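dropping the sequence and predicted coords here.
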2 protein chains.
Amino acid sequence: MAVTRLTQPECEALLAELPAWRLREDGLAIERTLRFADFNTAFGFMTRVAIEAEKSDHHPEWFNVYNRVEITLTTHDADGLSARDGKLARFIETAAAAASAG
Amino acid sequence: MAVTRLTQPECEALLAELPAWRLREDGLAIERTLRFADFNTAFGFMTRVAIEAEKSDHHPEWFNVYNRVEITLTTHDADGLSARDGKLARFIETAAAAASAG
């Protein structure tokens, strides 16, 4: 299924809406680092995101060490950012807030 | 709590026992990349490892994208490899085999 790549104004609107996220240097992905109280909280958060990712068939690239989670979102089928990344990023913000991440 | 760093012969024995793992360039960690059938299987495997890590208070550094999981094990309190890394690596091998990872 073809996925529409966000236009430049749409990317800018997305980043304005999600101030904790930054555009990757190549402009094809957004990134966010989160810190939690401990590993248990971090992995609990990851589990919520994993279930949402699986439900919507859009998965993150992510790295975890102890309480830190680094997430990259991009849409390979769009060769860049799509609305799917915005949707998953919004879910991540909600899940992070629920886990008191900073 | 002080953790004893493995000696050179102990490191060599560990790597001989775990042929799928490689020593990181700096010699302070072991690494392994695993591929699963899909994201669901990969994250199911990660969940088993996370529970084991939390139980033994020894956590991996890991990266996941879709069906791929890259794991690094090291013991910060030992400034290198310790018996804890061997224990977690053995658990990972068992969990990976159960999930038919290659």
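That came in fine, so what should we check first?

where does chain A have low pLDDT?
Low-confidence segments of chain A, defined by pLDDT under 70: A:1, A:101-102.

quickly find the element holding the residue minimising distance to the centre of it.
For chain A, the residue nearest the mean C-alpha position is A:Ala89 (3.9 Å; C-alpha atoms, centre = their mean). Assigned by DSSP states H and E, A:Ala89 belongs to helix A:83-98.

contacts only, for the residue nearest to the centre of chain A.
A:14, A:18, A:21, A:30, A:32, A:73 (C-beta atoms under 8 Å, 6 or more residues apart in numbering or on different chains). The way it works is simple: take the backbone N, C-alpha and C, and place the C-beta from them, glycine included.

picking that back up, next, the buried residues of the helix holding A:Ala89.
A:83-86, A:88-89, A:91-93, A:95-96 (16 or more other C-beta atoms under 10 Å in any protein chain shown).

ok, now which ones touch A:Leu15?
A:21-23, A:30.

how close does the residue nearest to the centre of chain A get to chain B?
From A:Ala89 across to chain B, the span is 16 Å (C-beta to the nearest C-beta, to the nearest Å).

now the two most distant members of the contacts of A:Ala89.
Among the contacts of A:Ala89, the pair separated by the greatest distance (C-beta to C-beta) is A:Leu14 and A:Arg32, at 12.3 Å.

which of the buried residues of helix A:83-98 sits closest to chain B?
A:Leu88 (12.9 Å; C-beta to the nearest C-beta).

for the closest one, give me its contacts.
Counting by C-beta under 8 Å, 6+ apart, A:Leu88 has contacts A:49, A:52-53, A:56, A:58, A:60, A:73.

can we see that at 7 Å?
A:52-53, A:56, A:58, A:60, A:73 (C-beta atoms under 7 Å, 6 or more residues apart in numbering or on different chains).

now do the helices in chain A.
Along chain A, the stretches classed as helices by DSSP state H are A:8-17, A:39-56, A:83-98.

which among those is found nearest to A:Val69?
helix A:39-56 (5.4 Å).

state the distance from A:Arg48 to A:Glu93.
12 Å (C-beta to C-beta, to the nearest Å).

swap in A:Ala83?
16 Å.

same question, A:Glu70
15 Å.
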